[in-house]
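>>> Quick one: sequence and predicted model below, then my questions.
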Amino acid sequence: MEDKDKLRRGFQVALGASLFQVFLSLVFYIMYLQVKSPLLLLESFHAGIGIPIFTLLFLLFQQRYRERLERDEVEELAKREGRMFRDEESALLISRIRLRQTEKWVIPGVTLILSFLMFYVPFKIMLYFGGKGIHYQASPAVSLLLIGLTFLIFLFSRYVVGMSKEKLWRELRSIGTFLGVNALFAFLVAISLTLRKFGLPKVEWFIFYLLNILLIAVGFEYLLNIILSFYRSSKAEKRISFDSRILYLLSTPEEVIPSFSEILDYQFGFRITQTWFYQFVKKRVIPLVLLQIALLYLLTCFVIVRPYERAFIEFLGRPIEGGKVFGPGIHLKFPWPIGKARIYDVERIKVIRAGVRGKEGERVLWTERHYEEEFNWIIASKEGAAASSSRYTSVPVNFLTGVVWVYYRIDPERLFDYAYTQAQPGKLLESLVYNQFTRMMMNVDFFEVLNVKRLSLTNMLKKSIQKEADKHNLGVKIVMVSVGNVHPPVETASSFEKVVGAMERKEAYILGAESYKNRELTLADYDASRVKVQAESYRLTRSVESKARGEEFLKELQAYQKNPRIFKYRHYLKTLERSLLSPRKYIVVSSERERNVTVLDLEKTPLPDILSLGLAAETKEIKK
């Protein structure tokens, strides 16, 4: 009698759950018509999937209840009619036959149809709404109604899960777990609509794709349950095909730890789960660890873009908002791997090193490698091609070793080209550097690269690399190109140094001869100019003096004609003056009676200085 009451209560609960699911599906669909949120449409489908599941459980419990009634009636008749009626017992239990047919064919068939719907419908919804900008006004009333429904669904779910712990109500677990996930996603929908009201629509898209993926995963599990049911042993516990372990884990996570505890007890051979340490870990540590894992996973929803960076936010591999570039700051995205962020340094200078590989050496000598691995460049040569009778002519070339540094940065205005036009823009740019450098080196001479034309060559190389990068839509800007550590290959460096030494000596001799030639020519030109100037000066002097003498004679003649006596006397005095000017003269005054001896000091007396004059004056004053 008690079992019949439990079975009757079971199909009553299943019937109530079916009607409740019809109510929820209609409510979610009406909300979708009002709000136009894809999440509400998907949740309406999610609730609608539960209607055939709960209806099957209603039929299952009803047939079990009827089978129980028929069995009691047959047993009652067997007691009254005896053995004859007992032999015909199996033919009279029609409900048992229906129950077996339902468990064998109806439930797997309906589950197979539901599995197909759970594959097809979410996929079509994702194709229809995915990547589209859906604009609608979120209503706070809808969010409040969803939270209220979440509370009712959660209470009903916990009630049914509690009933499913009874052996006769074990199949009700699928109802409880399905309602539990319904409550969870109804709450998430309410949260997403609220956040959209505050300008955060990305959370809604994340929940939208998460619910689609969950439905597809549960549909795959339903299909797998149908396949495994054909290989399940008759002694194994029977599980209906739409009893999902995924939904059970999401709706009743507290039931997972007891199962794990039973495994530990079995492995260790004693009840390790009863120790105080395990109980402490169970109550304290595990919830904290799970919370930390959940928080760490939610951190993937945040994208931090630094001041020198720009970013693209992707949704399922496609940039959102038509490839919008997100600037510095904190941005939201769907959690990994649904949403990803591509962050690029657009203001920092990047560098490509071509021509060498490995670390740089300590000493920079031609006879030693500058890097761990160096590549030889083919350089053109000014030497003529070798004469040959064949139609192919050999062209002399040289080899050179060095490193090319290319400094570039990402162009912020062409960031989309850099991010999505090429799969590996850095390697492509490096290939372009090698290509353009090789092409350019084929047109220059060996010694031009070593000395005089290196700066002009680097400018040409910069322009050619920028042109090729723009041609391939790389979205980069070449800042500077530098060619350094240029030297002949290490294997030929010593011989090359001898050649260079001979060439330098040759140039030294040539420069010495040029210097001697320039010096001698300069001195000869100087001497010729000096003699010419002196002759011109002498000629000018003699002509001027002759002219002056002629004019002087004419003047003297005029003076003589006017007064010959005075002219003669004056001319005499001038002659006397000129003759007495050069030798020193001494005048001695003495009388005839005196017989003095005069001593003349013919040495030149230096001019008196100030000190001697001063002392002489002081001496005279003392004598006085």
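Great, that's in hand. Computed from a prediction, not measured in an experiment: that's the story for all the values here.

>>> Show me what the helix or strand encompassing residue 565 is packed up against.
Per DSSP states H and E: residue 565 is located in helix 564-581. Using 3 or more C-beta pairs under 8 Å, 6 or more residues apart in numbering; DSSP states H and E as the contact criterion, the neighbours of helix 564-581 among helices and strands are helix 493-562. Backbone N, C-alpha and C define where each C-beta goes, glycine included.

>>> re earlier: what comes up buried for the helix holding residue 565?
Taking 16 or more other C-beta atoms under 10 Å as the neighbour-count basis, helix 564-581 is seen to contain the buried residues residue 567.

>>> Now do the same for the residue most central in space within the chain: helix, strand or coil?
When the chain is reduced to its mean C-alpha position, the closest residue under C-alpha atoms, centre = their mean turns out to be residue 344, at 3.4 Å. Secondary structure of residue 344, reduced to three states by DSSP: H, G, I helix; E, B strand; the rest coil: strand.

>>> Quick check: bridge partners of it?
The residues paired with residue 344 through beta bridges, assigned by DSSP bridges, are residue 310.

>>> Can you show me the helices along the stretch 251-400 of the chain?
Secondary structure of the stretch 251-400 of the chain (DSSP state H, counting those that start in this stretch): helices located at 256-268, 276-280, 286-298.

>>> now for the one helix or strand residue 465 maps to, which elements pack on it?
Under the criterion of DSSP H and E, residue 465 resides in helix 454-471. Packed against helix 454-471 by the contact rule (3+ C-beta pairs under 8 Å, 6+ apart) you find helix 425-441, helix 446-450, strand 476-487.

>>> Pipe those into a markdown table and attach mean neighbour count and distance to residue 542 per row.
Formatted as a markdown table, the entries for these read as follows, by neighbours: other C-beta atoms under 10 Å; distance: least, C-beta to C-beta, whole Å:
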| stretch | mean neighbour count | distance to residue 542 |
| --- | --- | --- |
| helix 425-441 | 17 | 72 |
| helix 446-450 | 18 | 61 |
| strand 476-487 | 18 | 69 |
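
>>> Of the ones you listed, which is nearest residue 21?
With C-beta to C-beta as the measure, helix 425-441 is the member of those nearest residue 21 (52.9 Å).

>>> Which elements pack onto the closest one?
Packed against helix 425-441, as judged by 3+ C-beta pairs under 8 Å, 6+ apart, are the following elements: strand 350-354, strand 376-380, strand 397-410, helix 454-471.

>>> same thing but 10 Å
Using 3 or more C-beta pairs under 10 Å, 6 or more residues apart in numbering; DSSP states H and E as the contact definition, the elements that helix 425-441 packs against are strand 350-354, strand 376-380, strand 397-410, helix 454-471, strand 476-487.

>>> Figure out which of the ones you listed is closest to residue 520.
Across the helices and strands packed on helix 425-441 (criterion: C-beta to C-beta), the nearest stretch is helix 454-471, sitting at 36.9 Å.

>>> could you give the mean pLDDT of the closest one?
Averaged across helix 454-471, the pLDDT comes to 83.

>>> swap in stretch 129-144?
Mean pLDDT, stretch 129-144: 73.

>>> ok so, going back, can you list the residues that contact the helix holding residue 465?
Contacting residues not belonging to helix 454-471 are listed as 352, 402, 404-408, 411, 414, 417-418, 425, 428-429, 431-433, 435-437, 439-441, 443-444, 448-449, 453, 474-484, 486 [C-beta atoms under 10 Å, 6 or more residues apart in numbering].

>>> any chance of the helices and strands packed on helix 425-441 in a markdown table, with distance to residue 96 too?
Formatted as a markdown table, the helices and strands packed on helix 425-441 follow (distance: least, C-beta to C-beta, whole Å):
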| stretch | distance to residue 96 |
| --- | --- |
| strand 350-354 | 78 |
| strand 376-380 | 90 |
| strand 397-410 | 75 |
| helix 454-471 | 80 |
| strand 476-487 | 78 |
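
>>> Looking at the ones you listed, spot the one closest to residue 521.
Between residue 521 and those, the shortest separation by C-beta to C-beta is 34.7 Å, and it involves helix 454-471.

>>> Show me which residues of the closest one are buried.
Taking 16+ other C-beta under 10 Å as the neighbour-count basis, helix 454-471 is seen to contain the buried residues 454, 457, 458, 460, 461, 462, 464, 465, 466, 468, 469, 470.

>>> Out of those residues, flag the one nearest to residue 160.
The shortest gap between residue 160 and any of these belongs to residue 469, at 64.9 Å (C-beta to C-beta).

>>> gap between that closest one and residue 412?
15 Å (C-beta to C-beta, to the nearest Å).

>>> Same check on residue 124?
Distance from residue 124 to residue 412, by C-beta to C-beta: 39 Å.

>>> Can you pick out the residue with more neighbours from these two?
residue 412 (15 against 10; other C-beta atoms under 10 Å).

>>> Could you pull up the contacting residues of the more buried one?
With contacts taken as C-beta under 10 Å, 6+ apart, residue 412 has the following neighbours: 310, 325, 327, 344, 346, 347, 418, 475, 477.

>>> The third one: how many residues sit nearby?
By the criterion of other C-beta under 10 Å, residue 327 has 13 neighbours.

>>> surely it meets residue 305?
Yes: at 6.5 Å, residue 327 and residue 305 qualify as touching, with contact defined as C-beta atoms under 10 Å.

>>> what's the domain layout of this structure?
The record, using automatic domain parsing to delimit domains, assigns the chain the ranges 2-251, 253-348, 350-382+396-488, 496-569.

>>> As CSV, the ones you listed with distance to residue 579 would be great.
Putting the domains of the chain into CSV (distance: least, C-beta to C-beta, whole Å) gives the following:
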stretch, distance to residue 579
domain 2-251, 125
domain 253-348, 100
domain 350-382+396-488, 77
domain 496-569, 16
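
>>> Residue 123: which element?
Here residue 123, judged by DSSP H and E, is contained in helix 107-129.

>>> going on from that helix, what's the next piece of helix or strand?
Going C-terminal from helix 107-129, and assigning secondary structure by DSSP H and E, you next hit helix 140-163.

>>> can you give me the angle the helix holding residue 565 makes with helix 493-562?
Going by axes from the mean of the first three to the mean of the last three C-alpha atoms, to 10 degrees, helix 564-581 is angled at 140 degrees with respect to helix 493-562.

>>> List of residues touching helix 564-581?
Counting by C-beta under 10 Å, 6+ apart, helix 564-581 makes contact with 556, 557, 558, 559, 560, 561, 563, all of which sit outside it.

>>> distance of the fourth one from residue 550?
Just to be clear, that refers to residue 559. Residue 559 sits at a distance of 15 Å from residue 550 (criterion: C-beta to C-beta).

>>> Looking at these two, which one has more neighbours?
For residue 559 against residue 550, the residue with the higher neighbour count under other C-beta under 10 Å is residue 559, and the figures read 14 against 10.

>>> Just give the closest residue to that one, not the sequence neighbours.
Among residues not flanking residue 559 along the chain, residue 567 sits closest, at 5.2 Å (C-beta to C-beta, 6 or more residues apart in numbering).

>>> just residue 314 next, same as before
Counting by C-beta to C-beta, 6+ apart, residue 314 lies nearest to residue 340, which is 4.7 Å off, once chain neighbours are set aside.

>>> for residue 245, same thing?
Closest residue in space to residue 245, ignoring its immediate chain neighbours: residue 221 at 6.9 Å, by C-beta to C-beta, 6+ apart.

>>> For the helix or strand containing the one you found, name the packing helices and strands.
With secondary structure defined by DSSP H and E, residue 221 is part of helix 202-229. Helix 202-229 is packed against helix 38-81, helix 107-129, helix 173-197, helix 245-251, strand 309-315, strand 329-332, strand 339-345, with contacts defined by 3+ C-beta pairs under 10 Å, 6+ apart.

>>> re the thing from before, quickly list what's touching both of residue 327 and residue 305.
residue 311.

>>> so where's the stretch 1-150 of the chain uncertain?
Counting by pLDDT under 70, the stretch 1-150 of the chain shows low-confidence ranges at 1-2, 78, 81-93, 95, 131-137.
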